[in-house]
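J.: Have a look; sequence and predicted model below, questions after that.
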Amino acid sequence: MENKQELILHLKEQIIKQLKLEDKKPEDIGDHAPLFVEGLGLDSIDALELIVLLQQEYNIKLRNAEEGQDVFRSVSTMADYILAHSS
Amino acid sequence: MGGTDYHITATVLLRNSIILKDDAVVFRSEEKGAAFLKEAYGQLGVEYPRFYKMDALSKMGLVAADVLLKNNFTTAYRPEQVGLVFSNRNASIEADAHYWEASQEYPSPALFVYTLPNIVIGELCIRYQFKGENAFFVSERFDAEWIHWYVSDLMKRNLLKACICGWVDVLDDRLDACLFLVEQEASGRSSTFTPGNLDQIYKKDYGK
């Protein structure tokens, strides 16, 4: 598994691809910037895509929907969750 | 018809590699399909953050509607006075096929939401804040008589003051949109809203 900074960069590239954010570059996404509403302005369908991304790329399933609010707060929180749950 | 005459106050034709607004070419490109729509989106200054996430049908509807309404549309209408009535032949087949292909590996929620043709209407309602009556019909061919009857009925019952109506069809790289802005009041170079006028505009030969 990569270190956190490498994982954050990789995650940004994956988010741009998976969510079709064609007008964004990895450097446009702050490590700690909110992913939803403000910040990247993602919506509920994007949240589902992020869940798919975790399952598809990291083989990680969220235990419950409430957990998602904390996990998907920012790219940094996503990276922390992945590092904590990767086998 | 007297008091029940309505008016086509603007038209847009987006077909393969050209876009015409009221007979005048506003955009032309050698690109086809999705690449054409992306180029048109950028060059015509259309702004909608969800553009890149949308299926080809919604992208085409958005670009065509933006050209149709730019410099033509009054904001005097209340949101519920503006409706949309679209039709096409191939429903959401492009989005359906993409979703099916993606599902072989993982079903994508973002692709799934576009597997209904009327989603293009929803996107336009979000973009322009329209809240009036809307409908999407799937038919073998452009049916001017039906569109005229349906939209006239909504106008006659005073459910709408304005309606964006017409044809939006995508199959492979073939784009075909013909939209009309129909209003109760005439303006500028408007023509009467009749099945004959709709057909004439839809079937226009623009030398391509």
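T.: Nice, thanks for sending it over.
J.: Could you check how far the host helix or strand of B:Y41 is from the centre of its chain?
T.: Using DSSP states H and E, B:Y41 sits in helix B:33-43. Mean C-alpha position of helix B:33-43 versus that of the full chain (Cα atoms, centre = their mean, to the nearest Å) differs by 16 Å.
J.: Ok, stretch B:60-74 next?
T.: Averaged C-alpha coordinates place stretch B:60-74 at 9 Å from its chain's average position (Cα atoms, centre = their mean).
J.: Same question for stretch A:43-61.
T.: 8 Å.
J.: now stretch A:67-76
T.: Worked out by Cα atoms, centre = their mean, stretch A:67-76 lies 7 Å from the chain centre.
J.: show me the contacts for whichever residue of chain B sits closest to chain A.
T.: In chain B, the residue that lies nearest chain A is B:P109 (3.7 Å; Cβ to the nearest Cβ). Yep, even glycine has a C-beta here, placed from its N, CA and C like the rest. By Cβ atoms under 8 Å, 6 or more residues apart in numbering or on different chains, the contact set of B:P109 is A:I45, A:L48, A:E49, A:V52.
J.: Could I get the full set of helices for chain A?
T.: Along chain A, counting by DSSP state H, helices occupy A:4-18, A:44-58, A:65-71, A:75-85.
J.: for the shortest one, packing partners?
T.: Read that as helix A:65-71. helix A:44-58, helix A:75-85 (3 or more Cβ pairs under 8 Å, 6 or more residues apart in numbering or on different chains; DSSP states H and E).
J.: The first one too?
T.: Taking 3+ Cβ pairs under 8 Å, 6+ apart as contact, the helices and strands that helix A:4-18 lies on are helix A:44-58, helix A:75-85.
J.: how about the CA coordinates for that helix, as PDB?
T.: Presented in PDB, the C-alpha positions along helix A:4-18 are these (Å, rounded to 0.1, in the frame of the first residue of the first chain):
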ATOM      1  CA  LYS A   4      -0.800   8.600   2.600                       C
ATOM      2  CA  GLN A   5       0.400  11.400   0.200                       C
ATOM      3  CA  GLU A   6       0.800   9.000  -2.700                       C
ATOM      4  CA  LEU A   7      -2.700   7.500  -1.900                       C
ATOM      5  CA  ILE A   8      -4.200  11.000  -1.800                       C
ATOM      6  CA  LEU A   9      -2.900  11.800  -5.300                       C
ATOM      7  CA  HIS A  10      -4.000   8.500  -6.600                       C
ATOM      8  CA  LEU A  11      -7.500   9.000  -5.100                       C
ATOM      9  CA  LYS A  12      -7.800  12.400  -6.700                       C
ATOM     10  CA  GLU A  13      -7.000  10.900 -10.100                       C
ATOM     11  CA  GLN A  14      -9.500   8.100  -9.500                       C
ATOM     12  CA  ILE A  15     -12.200  10.500  -8.300                       C
ATOM     13  CA  ILE A  16     -11.800  12.700 -11.400                       C
ATOM     14  CA  LYS A  17     -12.100   9.700 -13.700                       C
ATOM     15  CA  GLN A  18     -14.900   7.900 -11.900                       C
END
